[in-house]
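> Quick one, fold the following:
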Amino acid sequence: MKNFIKIEDKNIFFGDCKNCQAFCCKGSYGSIFSQILKEEFASLYKNFPILFIFGSLDFIKPVVMLSNGIDSCPYLKNSSCSIYKDRPNVCKTYPLSPNIDDNIYIDSSCPEIFKGKNSLDLTLNIFENYSKKYIDTHFEFKELKKEEFLKILNIRGVEFYKYIGKNNSIYLNYHEASLKNLDILL
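Residues are numbered from 1 along each chain as shown. Next up, the predicted model:
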């Protein structure tokens, strides 16, 4: 299971993903979905389903489905990503993760953390102004009502929804087009 902790020391060294069996890509290890920003919809909808979850205050959150909770990511072939150039931001930044508090977190359960001599890149664009991008994404979907969503999946107690309302936006169009990718996960 993943265990993200706030980075205090910016000089973190990393081994090599080739030394691992791609645990981060395996649904049984914990990678089911990741929350996404609206700027990611255009690149994700071609390969992954984009669904929605509701937070504790019923805020709508867009997510990319990475696995069915049992199997590995469908693009994992021989412990390597077959769509490496087009992989989601969550995969590009792992074991790092941006947060709404504008701090960067690291998955302390990644077996290659603190091994080797590779430094992790904390300057990636995804980390810059993350809270602003997160809030912009929130406001994109803020006016949508829970009644305009249909629950289509429940994995490990997390309910996933598709939009069935009449609102039309480029992001909801990407969401709808991405639903064809559910078949590769289920």
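> quick one: low-confidence parts of the protein?
The chain contains residues with pLDDT under 70 at 1, 30.
> all helices for it, in order.
According to DSSP state H, the chain carries its helices in the segments 41-44, 89-93, 130-141, 170-178, 182-185.
> now those in CSV, with mean neighbour count?
C-beta coordinates here come from the backbone N, C-alpha and C atoms, glycine included. Formatted as CSV, those follow (neighbours: other Cβ atoms under 10 Å):
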stretch, mean neighbour count
helix 41-44, 18
helix 89-93, 19
helix 130-141, 16
helix 170-178, 17
helix 182-185, 15
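> With respect to Asp58, which of those helices lies nearest?
Using Cβ to Cβ as the measure, helix 130-141 is the one of those that comes nearest Asp58, at 11.6 Å.
> Which elements pack onto the closest one?
In terms of contact count using 3 or more Cβ pairs under 8 Å, 6 or more residues apart in numbering; DSSP states H and E, helix 130-141 is assigned the packing partners strand 60-65.
> what sits up against the strand it packs on?
32-36, 38, 40-41, 44, 48-55, 88, 90, 137-138, 141-142, 144, 146, 149, 160, 171, 175, 181-182, 185 (Cβ atoms under 8 Å, 6 or more residues apart in numbering).
> Please name the bridge partners of the closest residue in space to Leu144 that isn't next to it in sequence.
The shortest distance from Leu144 to any non-neighbouring residue, by Cβ to Cβ, 6 or more residues apart in numbering, is to Ile60 (5.7 Å). Under DSSP bridges, the beta-bridge partners of Ile60 are Phe54.
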